[in-house]
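Engineer: after the sequence you'll find the predicted model.
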Amino acid sequence: HERVHGVYVDTGFMRKNESADVMAAYEKAGFRNVRLRDASTEFLAAVGSETNPEIKRKRIGAAFLAVENDVLEHLPRGEWLLGQGTIYPDTIESGGTRESALIKTHHNRVPELLVRIEAGEIVEPLVQFYKDEVREIGRALGLPSRLIEKQPFPGPGLAVRFLCTDEPAAWSENSQLSQVASGFNLKARVLPVRGVGVQGDERTYAHTALVTGDYDERRIAELSPAITNSLRDVNRVVFWAGSKGSIDEFHVEPTTTSREGLDVLREADARVRDILAEYDTQKRIWQCPVVMLPLKRHGESTIAIRPVESHDGMTAQYSRLPWPVIERITSAVLQVPGVGALLYDVTNKPPATIEWE
């Protein structure tokens, strides 16, 4: 313990109460050399008004490096090793294996850190393991189950769940999409928001189909792949769960990352997690990203929930939630000031990645 020093970096992109929970967990485990560094101002400044998800990730990676370098400067060179919790899927999605293409850059795989790895300054004890295997290691080490069972959370945090755009955009109708949806007695239109997907080992960046109508679990489950299989420029399907106004009052507006917006997303995320924890007693949900979209009405944003079930995160099925649970989540999230609508992501991986960005 004495030779292990930790600096917990609060990027400002963390979930509600996350920093306090993490620090309390280290203290309980007996670590005395862990301190908190509030770097939220630096990270927000690093992302700035950037809207491109891949550039956002790289800027956040660079901000991590700046804080890291600042910490390491105070230690004698050659007398430290840096520990990273990189796991195997991170290296695959960053295009770091011979067979893999770049899907998204993980912050622990930016070029500057690769130089440190080659110089032997970084130790990555988990780099050959998938998430389920990492959990087994945690159990073998006797770590508390509430830490082991925590849902995966991206390094860049809520910043990559806060979708931004430079351009306003209007809804668009697509006759082929409408035709596929009408076969299931539902309606669909193209949501003017794009997200990351994966096809084979390749990255896609395509539009989202928005489905409206009466919720029927089986029909939605059949419609979702029918849409992505028949429309090349759609890699994600969402269901309109509820809103404060008519769907036609919502428009995509230019949006950049802001502290106020992050606070809205943080509160919505906390409410979703609380309800799902109560519902999902069997721990079937592997992860549920809660995403904020620049689809707005009277300045209020749209929230999308993305509950998925998976074994290792490389492939995933969306969690088929019963309507009363969706209703409960919709009601709770629409009570958050700054939220105007709730969408339910009903896409498997592939074709859509678990995270939207």
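Structural biologist: Noted; the coordinates are in hand.
Engineer: what's the neighbour count on Val180?
Structural biologist: Applying other Cβ atoms under 10 Å, we find 21 residues neighbouring Val180. The C-beta positions use only the backbone N, C-alpha and C, and glycine is treated the same way.
Engineer: isn't it up against Glu222?
Structural biologist: No - Val180 lies out of contact with Glu222 (Cβ atoms under 8 Å); the separation is 10.6 Å.
Engineer: can you show me the helices along the stretch 151-300 of the chain?
Structural biologist: Taking DSSP state H, counting those that start in this stretch to define them, one finds helices in the stretch 151-300 of the chain at 175-182, 217-230, 259-279.
Engineer: same for the host helix or strand of Arg139, what does it pack against?
Structural biologist: Using DSSP states H and E, Arg139 sits in helix 131-140. For helix 131-140, the packing partners by 3 or more Cβ pairs under 8 Å, 6 or more residues apart in numbering; DSSP states H and E come out as helix 145-148.
Engineer: and the contacts of the helix it packs on?
Structural biologist: Helix 145-148 has contacts (Cβ atoms under 8 Å, 6 or more residues apart in numbering) with 25, 135, 138-139.
Engineer: what sits against Leu141?
Structural biologist: Per Cβ under 8 Å, 6+ apart, neighbours of Leu141: none.
Engineer: rerun that using 10 Å as the cut-off
Structural biologist: Ile148 (Cβ atoms under 10 Å, 6 or more residues apart in numbering).
Engineer: equivalent analysis for the one 3 residues further on, please.
Structural biologist: With contact taken as Cβ under 10 Å, 6+ apart, Pro144 is in contact with 25, 28-29, 138.
Engineer: pLDDT value on the residue of the chain positioned farthest from its centre, please?
Structural biologist: Relative to the centre of the chain, the most outlying C-alpha is that of Pro76, 36.5 Å out, by Cα atoms, centre = their mean. Looking at Pro76, its pLDDT is 83.
Engineer: how distant is the longest strand anywhere in the chain from the center of its chain?
Structural biologist: Assignment by DSSP state E gives strand 187-199 as the longest strand of the chain. Averaging C-alpha positions (Cα atoms, centre = their mean, to the nearest Å) puts strand 187-199 16 Å from its chain's average.
Engineer: list the buried residues in that strand.
Structural biologist: 187-198 (16 or more other Cβ atoms under 10 Å).
Engineer: closest to Arg259 among the residues you listed?
Structural biologist: Val193 (22.0 Å; Cβ to Cβ).
Engineer: and that closest one, what does it touch?
Structural biologist: 163, 165, 169, 207-208, 210, 236, 238, 252, 291, 293-295, 302, 304, 343, 356.
Engineer: okay if I get the contacts of Pro144 as CSV plus secondary structure, distance to Gln176 and neighbour count?
Structural biologist: Output for those, formatted as CSV (DSSP: H, G, I helix; E, B strand; the rest coil; distance: Cβ to Cβ, whole Å; neighbours: other Cβ atoms under 10 Å):
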residue, secondary structure, distance to Gln176, neighbour count
Ala25, helix, 50, 16
Lys28, helix, 56, 10
Ala29, coil, 55, 12
Gly138, helix, 47, 15
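Engineer: hmm, which two among the residues you listed are most spread apart?
Structural biologist: Pairwise over the contacts of Pro144, using Cβ to Cβ, the maximum falls at Lys28 and Gly138, 15.0 Å.
Engineer: from Ala25, how far out is the residue lying closest to Arg273 once chain neighbours are set aside?
Structural biologist: Among residues not flanking Arg273 along the chain, Cys288 sits closest, at 7.1 Å (Cβ to Cβ, 6 or more residues apart in numbering). Distance of Cys288 to Ala25, computed by Cβ to Cβ, to the nearest Å: 21 Å.
Engineer: how about Val290?
Structural biologist: Taking Cβ to Cβ, one finds Val290 at 22 Å from Ala25.
Engineer: okay, domains of this protein per the record?
Structural biologist: Split into domains by automatic domain parsing, the chain comes to 6-149, 175-345.
Engineer: what average pLDDT does the longest one get?
Structural biologist: By that I understand domain 175-345. Domain 175-345 comes out at a mean pLDDT of 95.
Engineer: ends of that domain, how far apart?
Structural biologist: End-to-end distance for domain 175-345: 22 Å, by Cα to Cα, to the nearest Å.
Engineer: swap in the shortest one?
Structural biologist: From the first residue to the last, domain 6-149 extends over 22 Å; the measure is Cα to Cα.
Engineer: next one: that domain to chain centre, how far?
Structural biologist: For domain 6-149, the distance to the chain centre is 15 Å (Cα atoms, centre = their mean).
Engineer: cool, and stretch 255-262?
Structural biologist: With Cα atoms, centre = their mean, you get 16 Å for stretch 255-262.
Engineer: now it: buried residues?
Structural biologist: Result for stretch 255-262 [16+ other Cβ under 10 Å]: buried residues 255, 257, 261-262.
Engineer: do stretch 279-294 as well
Structural biologist: Those would be 279-280, 285-294, for stretch 279-294 by 16+ other Cβ under 10 Å.
Engineer: any chance of the buried residues of stretch 255-262 in TSV, with distance to Met14 too?
Structural biologist: Output for the buried residues of stretch 255-262, formatted as TSV (distance: Cβ to Cβ, whole Å):
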residue	distance to Met14
Thr255	20
Thr257	14
Gly261	15
Leu262	9
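Engineer: which among the residues you listed gets closest to Gly83?
Structural biologist: Leu262 (27.6 Å).
Engineer: how close does the closest residue to that closest one other than its chain neighbours get to Leu126?
Structural biologist: Residue nearest to Leu262 in three dimensions, not counting chain neighbours: Leu158, with 5.7 Å by Cβ to Cβ, 6+ apart. Leu158 is 23 Å from Leu126, where distance means Cβ to Cβ.
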